[in-house]
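Chemist: Test case, fold it:
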Amino acid sequence: MHLRTSLHLLAVAGFCFWGTSNLAGADGAPGSSRDWPAFRGTTGMGVSTAKNLPVEWHETKNVVWKTPLPGPGASSPIVIGDRIYLTAYTGYFIPNQQGGSLEELQRHLIALRRTDGQIEWDRALPAKLPEEKQIRDHGYAANTPAADAERVYAFFGKSGVMAFDHSGKTLWETDVGSKTNGWGTSASPVLFGDLVIINASVESESLIALDRRTGAEVWRAQGIRESWNTPVVIQAESGRQELIVATHGNVLAFAPATGQSLWSCKTDIGWYMVPSIVADAGIVYCLGGRSGIAALAVRAGGSGDVTATHRLWTSVKGSNVTSPIVRDGHLYWMHEQSGVAYCAKLATGEIVYERRLERAGQVYASALLADGRIYYLTRDGRTFVLAATPDFEQLAINDLRDGSVFNGSPAVDGSRLLIRSDKYLYCIGK
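Modeler: Got it, this is the predicted structure:
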């Protein structure tokens, strides 16, 4: 597989809350505990407080509803109020279909009814050309939207950032750069205060903050290179809020309200960066790379180059695509190629277990933690459910294979799961 294969499926990530507490309301974000308003949920860490989620399912068991989608996509569903939102694309480079042209390429923002999955509206948006002629493995809709009580925000690469009201009306549109990449774009909008923060590394090598109400640029940080991950906002031990993004060679921290540079830490990872960062107790954990150093831990709160003072450990065990989760002093993730599930100690990076899951295949989706369980979704539609403990225990293998690809990450809708393939959106519940 080419060294850049599926850069962005993981980086489909995306929201901006710190630590593992629910800050809904503090940032103007939705306040319902049933909302999952961006990729990786309300915390941005892939963690849900939901209970009674299903452990076992297949096509004829615990599938509450199944909705055909107008086109494929690697983005993930989000949930707010009585709606589910997700993106897709049509018109060109559709898997297993002939025909189409770049002139016909459209991105879609789709609103579905939460209760039964019925599509309420579908906004089809023509692509700004020229675009890449091919985006391997995941296509032209990998950026997950984000939403608040007033608007839904979608990022479509060089076609721009757009805000819609909940009836589908376009409220504003902003250009954040015109460059493209053969491996596409994937970072998702981050909501913080009155800002929408966009990692436009592909489009302009910039981190850009826009006004939520108008789309006007508020601040811009440059030099964001080889970065396909969605930034997160964390809280240092001092209480300072820090916007963290991983780039080729460095983890960078900015003041989220102003874009002021706070600190940088060398990763010693010689690759582009895709997995989303997670944090716990003022320490950020970063995965990335295909060989050599593949993971590190950095204490937030520093100033300038903190490599010598705040980098706590590095490890050769990591992931190039999939994002991890944190629970009770341990870091959990699954390698995108080998089908190996990992558990490591947060304090040292020491591997607690390294277990190959039978017939797991490729995994691009990020890990989900809910109700004491970890959910790993493979590209062919199987979900491995493991106990979220340092003692390895596999609870179930669930099969939704439908002849297409599952690149998006699972989302939580109350006591249900939402799983998206290139063909369908599935609602899984007891």
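Chemist: Same question for stretch 270-285: list its buried residues.
Modeler: Under the neighbour-count criterion of 16 or more other CB atoms under 10 Å, stretch 270-285 has 271-280, 282-285 buried. No exception for glycine: its C-beta is placed from N, CA and C like everyone else's.
Chemist: and that stretch, what's its mean pLDDT?
Modeler: Rounded to a whole number, the mean pLDDT of stretch 270-285 is 96.
Chemist: and residue 234, what is it in contact with?
Modeler: The contact partners of residue 234, by CB atoms under 8 Å, 6 or more residues apart in numbering, come to 18, 19, 241, 242, 244, 277, 279, 282, 284, 300.
Chemist: before we move on, the earlier item: closest one of the buried residues of stretch 270-285 to residue 98?
Modeler: Closest to residue 98 out of the buried residues of stretch 270-285 is residue 274 (30.6 Å), distances taken as CB to CB.
Chemist: Run through the helices of this structure in chain order.
Modeler: The residue ranges that make up the helices of the chain, judged by DSSP state H, are 7-11, 201-204, 307-310.
Chemist: sorry, back to before: mind checking which of the buried residues of stretch 270-285 land in strands?
Modeler: When strands are assigned by DSSP state E, the members of those inside them are 278, 279, 280, 283, 284, 285.
Chemist: which of those residues are the two that sit furthest away from each other?
Modeler: The widest separation within these, taken as CB to CB, falls between 278 and 283 and amounts to 9.7 Å.
Chemist: do you know how far residue 396 is from residue 384?
Modeler: Taking CB to CB, to the nearest Å as the measure, residue 396 and residue 384 are separated by 8 Å.
Chemist: circling back to that earlier point, okay, the ones in strands among the buried residues of stretch 270-285 in CSV with distance to residue 423 next?
Modeler: As requested, those are exported to CSV (distance: CB to CB, whole Å):
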residue, distance to residue 423
278, 30
279, 35
280, 36
283, 40
284, 36
285, 34
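Chemist: where in this protein is pLDDT low?
Modeler: Applying pLDDT under 70 to the chain flags the ranges 1-33.
Chemist: how does it look with 50?
Modeler: Along the chain, the model assigns pLDDT under 50 to residues 1-31.
Chemist: Tell me which residue lies farthest from the centre of it.
Modeler: Most distant residue from the mean C-alpha position of the chain: residue 99, 30.4 Å away (CA atoms, centre = their mean).
Chemist: Isn't residue 153 up against residue 192?
Modeler: No. Using CB atoms under 8 Å, residue 153 and residue 192 do not qualify as a contacting pair, with a distance of 12.0 Å.
Chemist: neighbour-wise, which of the two wins?
Modeler: Neighbours were counted for residue 153 and for residue 192 using other CB atoms under 10 Å; residue 153 has more, 27 against 24.
Chemist: Not counting sequence-adjacent ones, nearest residue to that one?
Modeler: Spatial nearest neighbour of residue 153, chain neighbours left out: residue 189 (4.4 Å); criterion: CB to CB, 6 or more residues apart in numbering.
Chemist: Distance check, that neighbour against residue 364.
Modeler: When CB to CB is applied, the distance between residue 189 and residue 364 equals 20 Å.
Chemist: So for the two, which residue has more residues nearby?
Modeler: Between residue 189 and residue 364, counted using other CB under 10 Å, the more crowded position is residue 189 (29 against 26).
Chemist: dump the residue contacts of that one.
Modeler: Going by CB under 8 Å, 6+ apart, residue 189 touches 14, 38, 143, 145, 146, 153, 154, 155, 161, 196, 197, 198.
Chemist: And those residues, which is closest to residue 112?
Modeler: For the contacts of residue 189, the closest approach to residue 112 (CB to CB) belongs to residue 145, at 12.5 Å.
Chemist: With neighbour numbers in mind, choose between residue 396 and residue 384.
Modeler: Using other CB under 10 Å as the criterion, residue 396 and residue 384 rank with residue 384 on top: 22 against 14.
Chemist: looking at it, that one is touching residue 376, isn't it?
Modeler: Yes. Counting by CB under 8 Å, residue 384 does reach residue 376; the two are 4.5 Å apart.
Chemist: shared neighbours, the two?
Modeler: Common contacts of residue 384 and residue 376, defined by CB under 8 Å, 6+ apart, comprise 334, 341, 357, 360.
Chemist: Dump the contacts of residue 234 into CSV; add distance to residue 261 as well.
Modeler: Supplementary listing: the contacts of residue 234 in CSV, determined by distance: CB to CB, whole Å:
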residue, distance to residue 261
18, 18
19, 22
241, 14
242, 11
244, 12
277, 17
279, 19
282, 19
284, 16
300, 14
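Chemist: From these, pick the one nearest residue 58.
Modeler: The shortest distance between residue 58 and any of the contacts of residue 234, using CB to CB, involves residue 277 and amounts to 33.8 Å.
Chemist: what are the phi and psi angles of that closest one?
Modeler: Phi and psi for residue 277, reported as degrees, to the nearest 10, are phi -70, psi 150.
Chemist: My read is that it contacts residue 243, right?
Modeler: No. With contacts counted by CB under 8 Å, residue 277 stays clear of residue 243, the gap being 10.5 Å.
Chemist: Pull stretch 285-303 out as PDB, backbone CA atoms only.
Modeler: The C-alpha trace of stretch 285-303 is given here as PDB (Å, rounded to 0.1, in the frame of the first residue of the first chain):
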ATOM      1  CA  TYR A 285      -1.300  11.800  23.400                       C
ATOM      2  CA  CYS A 286      -0.400  11.700  19.700                       C
ATOM      3  CA  LEU A 287      -0.300   8.800  17.200                       C
ATOM      4  CA  GLY A 288       1.100   8.900  13.700                       C
ATOM      5  CA  GLY A 289       3.600   7.500  11.200                       C
ATOM      6  CA  ARG A 290       4.300   4.200   9.600                       C
ATOM      7  CA  SER A 291       7.700   3.300  11.000                       C
ATOM      8  CA  GLY A 292      10.100   4.400  13.800                       C
ATOM      9  CA  ILE A 293       8.500   6.700  16.400                       C
ATOM     10  CA  ALA A 294       4.700   6.300  16.100                       C
ATOM     11  CA  ALA A 295       3.400   7.700  19.400                       C
ATOM     12  CA  LEU A 296       4.300  10.300  22.000                       C
ATOM     13  CA  ALA A 297       2.900  12.000  25.100                       C
ATOM     14  CA  VAL A 298       3.400  15.700  25.800                       C
ATOM     15  CA  ARG A 299       2.500  17.700  28.900                       C
ATOM     16  CA  ALA A 300       0.500  20.800  27.900                       C
ATOM     17  CA  GLY A 301       1.100  24.300  29.400                       C
ATOM     18  CA  GLY A 302       4.600  25.000  28.200                       C
ATOM     19  CA  SER A 303       6.100  27.900  26.200                       C
END
